[in-house]
Each structure stands twice: as C-alpha cells, then as structure tokens.
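Student: Coordinates for the following, if possible.
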Amino acid sequence: MTVAALRGALGDRFVLTGEDMAPWCRDWTGGYRWAPLCVARPGTAEEVSAVLRIAHQAGQAVVPVGGNTGLSGGTCGDGAVMLSLDRMNRIREIRPEARVAVVEAGVILGALHAAAEAEGLSFPMTFGAKGSCTMGGILATNAGGSNVLRYGNTRDLVLGLEVVLADGRIVDLMGALHKDNTGLNLRTLMIGSEGILGVITAAVVKLVAQPKAYATALLGMRDLEASLDLLNRLQAVTGGQVEAFEYMPRRYVEAYARLHPDARLPFEEGHDVTILVELGATAPRDVVPGPDGQPPIAGLLETALGEMLEAGDLADAVVAHSEAQRRDFWALREAAAEVCTSRPVIICDVAVPLDRVALFLGQADRRLAEMDPEAVAMVVAHLGDGNVHYSVWTETTGAARNAIMEAVEEEALALGGSFSAEHGIGLAKRPAMARFKDPVALEVMRSVKAALDPKGILNPGKVIP
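Tutor: Now for the predicted structure:
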C-alpha cells in the first residue's frame with residue numbers, strides 16, 4: 001500500500017523497487033547491506049513532504065540518503081523507504097555580495113566548489129569524497145574535513161535550513177542572517193542529527209574569499225611535538241592563514257605507495273612523521289609575487305621551515321612549486337579512505353586535545369598490541385584540530401572487533417577526547433553512545449526525538465541507544 005501511495009505522489013519513475021534499488025542497498029564500505037522496501041526520489045521539498053506524510057500515516061520507516069559515502073552505517077535501511085535526495089541537486093543562487101549560496105540537499109560538494117570558484121569565492125569544506133558526497137549528508141553529519149582548522153565544521157558554515165518533519169510539515173529556517181535570536185536554534189539542532197529529527201532539503205551556506213595563493217609543503221618531522229610547535233609558529237606569523245595541517249605516519253605512506261606504485265612520492269627515504277601543511281592567502285601583500293617570482297606567503301612558509309631545519313626539529317621538507325605538485329601532495333592525503341579500507345578494517349574516528357595527540361597514539365598502540373599482536377594501526381589525522389582516524393587492520397571478528405573499537409575510544413576519552421569527531425554515530429557508534437554518553441544527555445535526546453518524531457519513523461535505530 002505504501003509503495004502504491006508513493007507512486008501516486010511521485011510517479012512510477014521515481015519510486016524504485018527490485019533490482020533498480022541496488023545502489024541504495026549497501027554503504028560505500030560494503031560493511032552494511034540491507035533490503036529496502038523501495039527507493040523514493042522526490043524532486044522538491046513539497047514532494048519530500050508528501051513522502052513523509054504517507055510514511056507517517058502508515059508508520060513506515062524512512063531513511064534519508066545522499067551520496068551514501070558515510071562510514072558509520074547511518075543509511076542502513078532494511079525494510080525502509082530509502083528517501084534519496086539526489087534529484088534535489090540545484091544550486092538555487094549564489095549571492096557574492098553577501099557571500100552566501102543557497103543549495104539543495106542533493107548538490108554534490110564538488111559542484112558547489114566549482115560554482116563558488118566561478119565567483120571568486122570558496123565553500124571551505126573539503127575532504128576526499130567531495131566528488132560524490134552531497135550537501136544533505138554533510139549537513140546531517142556535521143562533517144569536518146581538512147579545513148576545519150581555519151573555517152570550522154559544517155555547523156559553523158550554515159546560516160539557514162529548510163527541513164521537512166516526520167509528519168510532512170516544512171520548517172522554513174532559510175534566513176541568511178548572522179544574528180537571529182528568535183528562540184531556540186533549531187538550525188543547529190538539525191545539523192548533525194543524522195536524519196532522526198527531520199529531513200534537511202536545502203540550506204543557506206557561507207562562502208569565503210577564494211585564496212589567490214597557496215603555500216603547500218610536505219614535511220618529514222622527527223616527532224609530533226615538534227609539528228605542533230610549527231603549527232603554532234605558522235599561525236602566529238601568518239595571522240591564522242593555516243588552512244590544513246595533516247598527519248600521515250610512515251606506515252600510511254608506505255601503504256599508499258603499495259597501492260599506487262607509479263605515484264611520485266616527495267621523499268626518497270620515508271619519515272616516521274609526515275605532515276601536509278597548506279597556507280592560503282587572499283590579501284595582495286601576501287599573494288603578489290616578489291622579485292623572486294614567488295608570493296610572500298610562500299616565503300613565510302619557507303622561512304619558518306628553514307628555521308626548523310636549522311634547529312634540528314625538521315628532518316626534511318618539500319615545498320610545492322606548481323599546482324600539479326600541490327595536487328600530488330593532496331592525492332597522498334585524500335586517498336585515506338581507499339588506503340584504510342584496502343584490508344579488513346575497524347574504523348575509529350576520535351578527537352583529542354591537540355597537545356595530547358602523540359600521547360593518545362602511544363597509548364592506543366600499546367593497548368592494541370596487548371589485545372591483538374597481529375593487528376596493524378593505520379592512522380591519519382587532521383592534526384590541526386585533533387581529529388585522529390585510528391583505523392585498525394585486523395582479521396578478528398565479532399566481539400573481538402568490538403573490544404578493539406571500545407579500547408581505542410576509551411583511550412581517547414581518558415585524555416579528554418570524544419569517540420566521534422566527524423563521521424557521525426549511525427549504527428557503528430551507537431554502542432559507544434550507550435557506554436560513554438552522559439545519561440541525562442541521552443534522556444534529553446530521546447525526549448527531543450519523541451517530540452519531533454513520535455512514531456519513530458525517521459532513520460530508526462540510529463544515533464540514540
């Protein structure tokens with residue numbers, strides 16, 4: 001009955017069943033597979049509203065899905081209506097003077113990057129899945145990425161939202177205001193809620209000036225403590241122009257080289273600590289080339305690196321002198337998902353204070369060796385914001401895998417960290433919510449969920465234990 005009603009609302013072409021549902025029956029990793037009731041593909045907020053009204057009346061589970069690039073099982077939807085927002089892919093407008101873009105949930109991140117760049121602007125959220133992830137998923141998970149250090153998480157980049165509630169009502173929060181104190185901030189509540197409170201269909205997002213010059217380098221460091229000193233020094237001398245500060249250990253770089261034997265690696269000999277650092281500048285004083293042909297921002301970076309080389313804190317450094325070389329540097333870092341999932345893996349996404357990253361890695365490595373001597377930690381980190389992707393290659397299964405994830409999370413929490421930084425909770429981290437989240441906070445979450453979705457149809461079984 002539900003499928004027939006949905007076809008009446010959307011048309012037969014946009015309600016899929018059987019083999020046509022294949023792209024919506026698994027997540028990107030292949031770790032989660034399911035059999036939906038159907039896939040509904042509305043093209044407007046009003047059609048999303050119609051889908052949810054039908055589902056609400058029938059008590060039918062609905063799972064919103066965007067690019068389906070998540071890593072936490074957040075789109076698993078056995079027996080559910082998969083609500084794909086891929087047809088809602090319009091960039092409604094870009095307003096350069098106000099530096100905002102109005103986008104629908106199905107807009108691919110890379111498409112927004114291109115549209116903003118055409119106006120001399122940037123939407124400064126970026127990560128490896130930018131060619132396939134969509135704005136709806138980014139908003140629903142409060143995604144992070146490589147530029148959080150300078151621009152913040154998704155929540156920091158959003159001014160307005162359009163949301164459809166479980167019963168089909170549309171909430172219009174699409175203001176482009178930087179200040180609006182008219183009651184509870186429902187926008188912030190919806191961002192990061194993973195589709196359990198409402199379906200985000202559009203947003204007003206902030207844009208920033210597109211950097212006119214970048215200074216990018218790969219560094220071979222002796223230890224992580226020295227790299228944190230470099231970060232602070234660069235922030236001071238550039239006035240906060242560090243866009244990214246990414247950590248890759250020797251084991252990760254070697255794994256990348258095995259997967260990409262023809263790749264051009266920057267160092268003839270590997271280093272225990274490799275850092276990708278990038279500065280971005282917009283002011284003419286920093287971007288207009290000097291007599292040596294390089295922009296001043298590049299000179300600032302090279303001077304800082306030279307001082308560290310002389311002090312012995314830096315073992316090696318290669319500065320990108322072309323856009324092609326810069327892209328090669330970023331290709332190394334943005335292959336993280338490919339590298340980490342090239343073998344059976346436990347994906348841990350934690351955050352710790354910046355000055356405790358090295359301590360966390362040491363403690364987590366020791367704990368892992370005790371639990372599974374054959375396991376291999378495959379680590380990368382957004383070092384500038386303390387987000388560590390501590391993935392574990394292991395052949396263990398069942399309870400042993402869960403115990404490893406729990407141990408990694410415990411080590412992060414013991415240092416004042418979090419068991420989830422940017423991947424969301426979904427199904428994978430729901431046990432951690434039960435173990436570690438404040439019980440009163442969980443009670444409040446359940447109350448909010450019950451108020452907005454009394455029948456529990458929106459992405460059921462996710463996030464809240």
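
Student: which residues touch stretch 290-298?
Tutor: 213-215, 238, 241, 279-281, 285-289, 299, 319 (C-beta atoms under 8 Å, 6 or more residues apart in numbering). Heads up, the C-betas are built off the backbone N, CA and C, glycines and all.

Student: are any of those buried, and which?
Tutor: Neighbour-count burial (16 or more other C-beta atoms under 10 Å) is assigned, among those, to 213-215, 238, 241, 279-281, 286-287, 319.

Student: TSV for the residues you listed, including pLDDT, distance to L161 and secondary structure?
Tutor: As requested, those are arranged in TSV below (pLDDT from 0 to 100; distance: C-beta to C-beta, whole Å; DSSP: H, G, I helix; E, B strand; the rest coil):
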residue	pLDDT	distance to L161	secondary structure
A213	93	34	strand
Y214	95	31	strand
A215	95	35	strand
T238	88	33	helix
Q241	94	30	coil
L279	96	32	strand
G280	95	28	strand
A281	93	32	strand
D286	88	35	helix
V287	88	34	helix
V319	93	41	strand
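
Student: Report the separation between the most centrally placed residue in the chain and G239.
Tutor: Most central in the chain under C-alpha atoms, centre = their mean is A143, positioned 3.6 Å from the mean C-alpha point. Distance, A143 to G239, by C-beta to C-beta, to the nearest Å: 26 Å.

Student: returning to what we had before: how would you label the residue nearest to the centre of the chain: helix, strand or coil?
Tutor: State at A143, reduced to three classes by DSSP: H, G, I helix; E, B strand; the rest coil: coil.

Student: For it, give me its contacts.
Tutor: Contacts for A143 (C-beta under 8 Å, 6+ apart) come out as 125, 127, 133, 137, 153-154, 422.

Student: Which residue in those residues has the weakest pLDDT?
Tutor: Minimum pLDDT for the contacts of A143 is recorded at F127 (87).

Student: I'd say that one and V148 touch.
Tutor: No. Using C-beta atoms under 8 Å, F127 is not in contact with V148, being 9.7 Å away.

Student: Leaving out chain neighbours, which residue sits closest to E254?
Tutor: Closest residue to E254 apart from its sequence neighbours, by C-beta to C-beta, 6 or more residues apart in numbering: G270 at 6.6 Å.

Student: What's the local residue count around that neighbour?
Tutor: When neighbours are defined as other C-beta atoms under 10 Å, G270 has 15 of them.

Student: correct me, but it touches R251?
Tutor: No. G270 lies out of contact with R251 (C-beta under 8 Å); the separation is 9.3 Å.

Student: Which secondary structure elements does the helix or strand harbouring K449 sit against?
Tutor: K449 belongs to helix 439-452 when assigned by DSSP states H and E. Applying 3 or more C-beta pairs under 8 Å, 6 or more residues apart in numbering; DSSP states H and E, one finds that helix 439-452 contacts no other helix or strand.

Student: Buried residues in it, which are they?
Tutor: So, applying 16+ other C-beta under 10 Å, buried residues of helix 439-452: 445, 449, 452.

Student: Identify the residues contacting the second one.
Tutor: Taking C-beta under 8 Å, 6+ apart, we find K449 in contact with 196-197, 456, 464.

Student: Next one, pLDDT for it please.
Tutor: Predicted confidence (pLDDT) for K449: 98.

Student: Let me see the contact set for E411.
Tutor: 360, 363-364, 367.

Student: Out of these, which end up buried?
Tutor: Buried among the contacts of E411 by 16+ other C-beta under 10 Å: 360, 363-364.

Student: now the strands: where do they sit in the stretch 251-400 of the chain?
Tutor: Counting by DSSP state E, counting those that start in this stretch, the segments of the stretch 251-400 of the chain that form strands are 273-281, 314-319, 345-346, 349-351, 376-382, 387-393.
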